[in-house]
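Student: Generate coordinates for the sequence data below:
(3 chains)
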Amino acid sequence: MLDRSLSRRSFFKVAAASAGAIALADGASQAILHEDAFADETADDEIKVIHSTCRGCGKMECGNLITVKNGRVIHLEGDHRAVASRGNLCVKGRSATQALYHPDRIRYPLIRTTPKGEDPKWKRVSHDEAIQYMADGFNAVIEKYGQHSIKCLHGTGRITTYATEAYPTYLIQTANTGSPAGILCKGPRLSSAAMICFPGAHWCNLIDGQKVNFQWGTNQEVSNYDNSCRVTVDEHVRAETTIQVGPRMQNLGKEADIWIDLRPGTDDAVALGLLHQAVFNDNCNIDMTFVKKWTNAPFLYCEDIEPSGWTWSKWGDPEGKQEMGSYPLNIRTRILKESDIVEGGDVRKMAVWDTKSNSIKFFDTHTCLWDGQTEYQYPDLDKDCVEYKGGILATDPGLPVDIDPALEGSFKVTLKDGKEHTVEPVWEMFKRHLEPWTPEHTSEITGVDPQKFIDAAEAYCEEPGKGGIVFNLPLEHAGNSIQTTMLPLILSALMNNIDSPGGQRGCENMFFTMDTFFQYHIPWANSTLDPKEQAKVVGGDRFPLTPFFQMVGGAALYHDPISAAEAILYDDPYPIRAMIANSGQHFNSGNAWMNWQAFETLDFFGGWELWHSPTIELADVVMPAAHFLEVSVLRYTQGGEGAIGAQVQAVKRQGDASWDSADICCELSKAMGYEYWPTKNRPLPQWPDEWMKPWPTEKDMLNMSVLPMRRELPAKIGDTVIAPHLDIAVPAPDGNILRCDDWDEYVEQYQEHSQWNLKEISPFGYYYRFQWGHFRPRDAEDPTAPFVPGFNTPTGKFEILSTILESYHGPNTQWVEAPGSYNGIPGYREPVESPLSSPELYEEYPIIVTTGRRNPLYFHNEGRQQPWLRELTPCATFQIHPDTAAELGIEQGDWCWIETKRGRIRQVADLFYGIRPGTVECDHQWWYPELSAPKHGWDLSNVNVLVSMDHESQDPIIGTCNCRGYLAKIYKATPENSPFGNPCPCDDDGTEIIHTATDPRLKEWLPTYEYEVI
Amino acid sequence: MEIQTPLVIFTLLLCLANGLMGFQGLMMVQRKGDNRFHLITLIVTAVVLVVGGLAVFTHLQHWERIFNGFGQINSGITHELILIVVMVVALVVAFVMAWRGREDGVVPSKAVGVAFIIIAVIGGFVTAHSYDMYARPAWNNLFLYLYYYASELILGAAGVWVLTAVLKQGDDVNALFGKLTLVMAVLYTVITVAAMFAISTIEPATIEGITFYTYDPTHPAVDPAADLAAAWSGASAGLFWGGAVVVGGIVPIVVAAVAAFRAKLAANPALPVVALVAALIGNTCYRIVLYVVGIASYVYFF
Amino acid sequence: MSRYAVITDLNRCVSCLNCVVACKEANEVPIGSFWIKILRVGPNPKTPTSTYPDVEMYYLPVSCQHCEDPACVHVCPTGASHKTENGSVQIDHDKCIGCQFCAMACPYGVRYLNEEQGVVEKCTRCYQKTNEGELPSCVIACGGSARFFGDLDAGYNDFRGRLDENGNNISLLDESYIKPFSDDDVHTLPDSGNGPSDRFILRNRTWR
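Tutor: Predicted structure coming up:
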């Protein structure tokens, strides 16, 4: 590592010299009219093009082509053959070289030499020294304060792994694991969908096309999440009708046929308004087969009995067994069960009213069989199925027994207490719940023209199968995350768009690769925490479902950062004194100042990072992370596009940069004195012994990730012959199987073929996989275990009435009741700070703030130091209606203060007619790398300074902070009211931030090749 | 647009040189001025040209390629270069003529004088024409040409007056130039005021509702109407009214008026020097202001 | 002789900024200077009396128009700026003296002085690619598949865009990508007689 005393200018000179050399040598870069512009390339130049996958953002997985010349990446391009992305490569991917070769990248392990809160004055140390230092630091804290005193922090895993996410649970056995980013991004959607159908159902496979293209709180053309820009625009243009739900006119939404321009924080109201139309409007035609067969709408409900039930667990349904890898829930519901009707009856059998026989029939939620049904019904491959876009599409054969469950009406039933009770189908309750949401009422709450609800519903619900609804973050951010994210799913389900073509497909990885854990958590896999310990997760007292959500996996692995900050600051409910971080920020969740102040007090904080971000400047030790161009790993699309490929290391790692899974986590564990995992805490039982290599190397991990594809799989688990479903020799629908014996062969095939469509090569290349039993786990150790149709929920059905919600946040529980919910049917909650809920506050803070709009240049807080990106939007801006601006005396380009009860920031005004007067949108995640350590100007413009840490503002079920839809006041920044007499934000010494494309500091960030390894 | 200082200096000095040549030519035609006067005036004009030329060189990024400047015969700048060459040739011819005849007090011939006048007339047009582009609505009109002529005339008149006074060419000559300066100063004042008024009334292409990504978000520079009116009544009004009009026009008017009808005063070099300096300052201010209002017609890429 | 041009379907352009960065990379454009910029036009009220939410918006990629009768070529004293056979306007960097009059003369302001090299630069229609039969970077990189490159003299049929999964360039007339458009929907940047080459398709919105 170069001596830290070398000034920036020296780096620049070196960089300029080499950049200049490149420019001169690379004749093509000059716009000179020379015919032999490429004459500089000699026969000795080695140029290769690597087919890889981009990691510029949170997992769209755009296939890319990396041009490497003499060991240096010189160009990135989209791969047009990539089935999920169609050649898409956004600006973040295109400018990856500016990150890979950035002068300021952390390339060597560093230990701080000053107290936290000051410029760390990092001291470079060796890799081994840093690992030992970290191990000692964590061990000291755990010894003194116990296993839960260490918490996790990470963002979106830019270094391609989530090792930090699972590793602390797995090895260190802390319940405070996962990513606080998860609680606020995708985690609620994963969790709420897991409660009622399957996690990740919000993701749609847009590549199939849709008849109605529905963008709800999403802007995939800019965010590429999780549909690429190319695909999003293609399918938007091809759709018959397009609908956008959002408070701003958006990049693609400007073309939408119907723009539901809601008040921020009222997505739940919009959903209820649309559901009302779906149910009551004659022009809407719900798929009644789906409703009767696959949802719990026909289940009878009795309000005047005691809730009762059983202990249910998501993985393997062990009937109350406290098994590792699963978290048991106490389901207590007033759905009518056999056990309510007769003494000793089966608590798992749920009642419907069969109008054919005018009697009660039961559905066994354990076996998922109806009364009289002896074997499972699957669609007939010949009669019911067609091939469609690589997958098998089946028409539903209808109910497997000759009954017609009632959806309406009320019935009198004599229960075991001898008395007659009135029961009604859940659907009746659902209708009653929706009745008040007329267009007029919905309009009052949301501010949208009432006719739009009718138009949108009539378009989407004209007939079943118009396509899924893509809904993303905003629904999670207004204090009602769980319920709001259930509602669009229900709407989609009523129209039979669950796992339909273009419908809610979820994440493919659940069903094919099984190596989810290897890819993201190699090999830290699954939580093996004793459920009793898991329940000690911070915030678990207020959010009892947290340990269950952590089992759902992916981004649902989190803990509440507000509760964590309180634990750090006040030792409440117990001390958290250490933190392990993988590029996480203190300003991504919760209140930024509260987090910063908390982290400043930690006894020990270690992490790994690419950049000197503000948060890591509070750490005791930081390891250099490898850039994605320096790492190989298996990749598949997180979202519904369903493709698999590989990220292939393009260049050697610079400095001491490490891939955390292999280099850091393994070594850290050894240094902390842990034995390797198979010895004590076994992960999912179906992993064969051979796979449990002690302390795998990086190569081992890569090979492990493609083990399911091997031509000959290990035959046994202990003495048991391997279960057939583990041998992915179950042919894919058309017989194609992806096969390779090791990582290198996989990569070779990938270079040839580019991305594979999982529907074509996967054994589960079906639509409507709930018909085939692919959504429920099978007993791994029983080869004869059947595939059980249905959903992996307590009732086995798509739950319009969520029994988990009813059990934990219903009227009869010890925890906070889900606001607006009706016995577990999700409802509406007004944001805690709004004109309706807090009119007095509104008088002093008359502006509604939303935030988080996507800018194509930046992935959250990334990219601020990359010149090609920073020059295009050099500083934080906010969008405000010109009338509101005029009232406040604000003009285009003015720096303005945006202030809430929590604090204030400055951003630049952008007058925008496409947002409601009185509402503003403030850019998020801003910090200014050009300013000094440790803060790098994070507090100047960062919108999470404004976020509330009040318990009341959090979503009552999961705890997500209220980071969109709150109240503020805005006023112009003047020399009188600004520090240094300068409206423009400055460093502590008065240096202004970069706010123009011509700022010379941008050029200091151009690539340097002095660290490259050829 | 951004003010190009070297070009301001260049065109200012070019106008001065053109003006000097024009009025010197007039004197040649009228057989006025003595040999010494003409020699010195020729030298002064040449020096002005050289200084102006050096100014251009500081503007050019590749001055060593200056001879490429004759590459495209239709270009206004090429015409300017040719003009300068022609001016130099004429100056040399006249100089040789005067030098050879210095013993005899030879004044360059009438023909040379006429040539000088013709060059000055063409020069005004050529200099203006190189800036006449439809991309800049403030420049793309008759007033550009009127101004360059007015500039040439006031600078030339005042310039020659300085020389006639310093070199003691006689009361009537000085009075003549005092009057000429007065007339030119009035002309200049009227034209500059009329020009800026006209420019301020130009209706710019609408940019309503257009926002830009690649700019400094804190300084969105879009208000073409205000930019066009900047000199008349906006941010640059002080520079225009104070500098270009009052200093550049009114002061020479006053000075010349005083001298025009008092032959004795007209012969006092102080007056013409004040007039010339004021005119130089005023014309510089005007040219600067011309850049300020010289916004692009379509504000797409600023 | 041909008239190379870029046609952009503005109803597909979503301001993803791919073209800006792809161009910058391919042509080593200095930081702070640009060969293409994306303007946001609006949102504007649909009619003079409309208010939110009756507003409309589109994005406009602006770059050198490689005009038919370019003002920049007229004023160039060295002939460095010249119009080529294929219709593009190029700058010969060996001849340019950096006088910057072309930059003043361009009605769209797309030219700028490259201070390091002392010559004026602008979009070159990626001649280094089009000479090899490839498409300009901004066209290939376009996220919204909105940009097409071809010869106006050969008609819309000649215009090609990004690659499809088989490696073929999509066509401007392929209705599975580009919805039908009428002549009224086709616009150019304001024309003062210079004849800008690029065309912009904008449906159901007021061109501003």
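Student: Pull the contacting residues for residue A:208.
Tutor: A:389, A:501-502 (CB atoms under 8 Å, 6 or more residues apart in numbering or on different chains). For every residue, glycine as well, the C-beta is placed using N, CA and C.
Student: Any figure for the gap between it and residue A:344?
Tutor: 49 Å (CB to CB, to the nearest Å).
Student: can you check residue A:397 too?
Tutor: Distance, residue A:397 to residue A:344, by CB to CB: 34 Å.
Student: Out of the two, name the residue with the larger neighbour count.
Tutor: residue A:397 (15 against 8; other CB atoms under 10 Å in any protein chain shown).
Student: For the most centrally placed residue in chain C, name its beta-bridge partners.
Tutor: Nearest to the mean C-alpha position of chain C, counting by CA atoms, centre = their mean, stands residue C:63 at 4.4 Å. Using DSSP bridges, the bridge partners assigned to residue C:63 are residue C:36.
Student: Name the spans of the chain whose pLDDT lies under the cut-off.
Tutor: Reading this off chain A. A:1-43, A:157-170, A:314-325, A:508-528, A:676-693, A:708, A:712-737, A:762-764, A:778-783 (pLDDT under 70).
Student: think we crossed wires, I meant chain B
Tutor: In chain B, residues with pLDDT under 70: B:208-209, B:212-215, B:221-222, B:263, B:302.
Student: So which residues of it form helices?
Tutor: Using DSSP state H, the helices of chain B run over residues B:5-29, B:35-59, B:76-100, B:110-129, B:142-166, B:171-200, B:224-228, B:237, B:251-260, B:263-266, B:270-292.
Student: same thing with the stretch 301-450 of chain A?
Tutor: A:338-341, A:426-434, A:439-446, A:450-460 (DSSP state H, counting those that start in this stretch).
Student: and chain C, which of those is closest to it?
Tutor: Chain C lies closest to helix A:450-460 among the helices of the stretch 301-450 of chain A, at 9.5 Å (CB to the nearest CB).
Student: by how many degrees do the closest one and helix A:439-446 diverge?
Tutor: 110 degrees (axes from the mean of the first three to the mean of the last three CA atoms, to 10 degrees).
Student: could I get the helices of chain B as JSON lines with distance to chain A and mean neighbour count?
Tutor: Output for the helices of chain B, formatted as JSON lines (distance: least, CB to the nearest CB, whole Å; neighbours: other CB atoms under 10 Å in any protein chain shown):
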{"stretch": "helix B:5-29", "distance to chain A": "19", "mean neighbour count": "25"}
{"stretch": "helix B:35-59", "distance to chain A": "20", "mean neighbour count": "19"}
{"stretch": "helix B:76-100", "distance to chain A": "21", "mean neighbour count": "18"}
{"stretch": "helix B:110-129", "distance to chain A": "29", "mean neighbour count": "20"}
{"stretch": "helix B:142-166", "distance to chain A": "30", "mean neighbour count": "26"}
{"stretch": "helix B:171-200", "distance to chain A": "22", "mean neighbour count": "22"}
{"stretch": "helix B:224-228", "distance to chain A": "12", "mean neighbour count": "20"}
{"stretch": "helix B:237", "distance to chain A": "21", "mean neighbour count": "15"}
{"stretch": "helix B:251-260", "distance to chain A": "38", "mean neighbour count": "22"}
{"stretch": "helix B:263-266", "distance to chain A": "52", "mean neighbour count": "18"}
{"stretch": "helix B:270-292", "distance to chain A": "19", "mean neighbour count": "23"}
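Student: Adding distance to residue C:57, write these out as TSV.
Tutor: What follows is these, written out as TSV (distance: least, CB to CB, whole Å):
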stretch	distance to residue C:57
helix B:5-29	39
helix B:35-59	41
helix B:76-100	40
helix B:110-129	41
helix B:142-166	38
helix B:171-200	32
helix B:224-228	21
helix B:237	36
helix B:251-260	53
helix B:263-266	67
helix B:270-292	32
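Student: between those helices, which gets nearest to residue A:186?
Tutor: helix B:224-228 (45.9 Å; CB to CB).
Student: can you pull the alpha-carbon coordinates of that closest one into CSV?
Tutor: Extracted in CSV, the C-alpha atoms of helix B:224-228 (Å, rounded to 0.1, in the frame of the first residue of the first chain):
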residue,chain,number,x,y,z
PRO,B,224,-32.8,33.7,-22.4
ALA,B,225,-35.2,36.6,-22.3
ALA,B,226,-33.4,38.1,-19.3
ASP,B,227,-30.0,37.4,-20.9
LEU,B,228,-31.1,39.3,-24.0
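Student: Next, see if it gets close to chain C.
Tutor: No: Helix B:224-228 is not in contact with chain C by CB under 8 Å from any CB of the partner chain; minimum separation 12.1 Å.
Student: wait, isn't residue A:982 in contact with residue A:992?
Tutor: Yes: in this structure residue A:982 lies within contact range of residue A:992 using CB atoms under 8 Å: 7.0 Å.
Student: So for these two, which residue has more residues nearby?
Tutor: Set residue A:982 next to residue A:992 and count neighbours by other CB under 10 Å: residue A:992 wins out with 19 against 14.
Student: Pull up the gap between that one and residue A:979, please.
Tutor: 12 Å.
Student: any residues in contact with both of those two?
Tutor: residue A:986.
Student: show me where the stretch 101-250 of chain A has helices.
Tutor: Secondary structure of the stretch 101-250 of chain A (DSSP H, counting those that start in this stretch): helices at A:127-145, A:163-167, A:187-196, A:220-223, A:229-238.
Student: Who are the packing partners of the shortest one?
Tutor: Spelled out, that is helix A:220-223. On a contact count with 3 or more CB pairs under 8 Å, 6 or more residues apart in numbering or on different chains; DSSP states H and E, helix A:220-223 meets helix A:229-238.
Student: mind listing what's buried in the helix it packs on?
Tutor: Buried residues in helix A:229-238, counting neighbours by 16 or more other CB atoms under 10 Å in any protein chain shown, are found at A:229-238.
Student: what's the closest non-adjacent residue to residue A:94?
Tutor: residue C:21 (5.0 Å; CB to CB, 6 or more residues apart in numbering or on different chains).
Student: swap that for residue A:455, sorry
Tutor: residue A:258 (5.4 Å).
Student: What's opposite the one you found in the beta bridge?
Tutor: Under the criterion used (DSSP bridges), residue A:258 bridges to residue A:243.
Student: I'd guessed it sits against residue A:451; true?
Tutor: No: Residue A:258 lies out of contact with residue A:451 (CB under 8 Å); the separation is 9.5 Å.
Student: so what's the closest residue to chain A within chain B up against?
Tutor: Nearest to chain A in chain B, going by CB to the nearest CB, is residue B:216, at a distance of 3.5 Å. Applying CB under 8 Å, 6+ apart to residue B:216 gives the contacts A:874, A:995-998.
Student: Sort out which of the residues you listed are buried, if you could.
Tutor: Judged by 16+ other CB under 10 Å, buried ones among the contacts of residue B:216: A:874, A:995-997.
Student: Between these, which sits nearest chain C?
Tutor: residue A:997 (4.8 Å).
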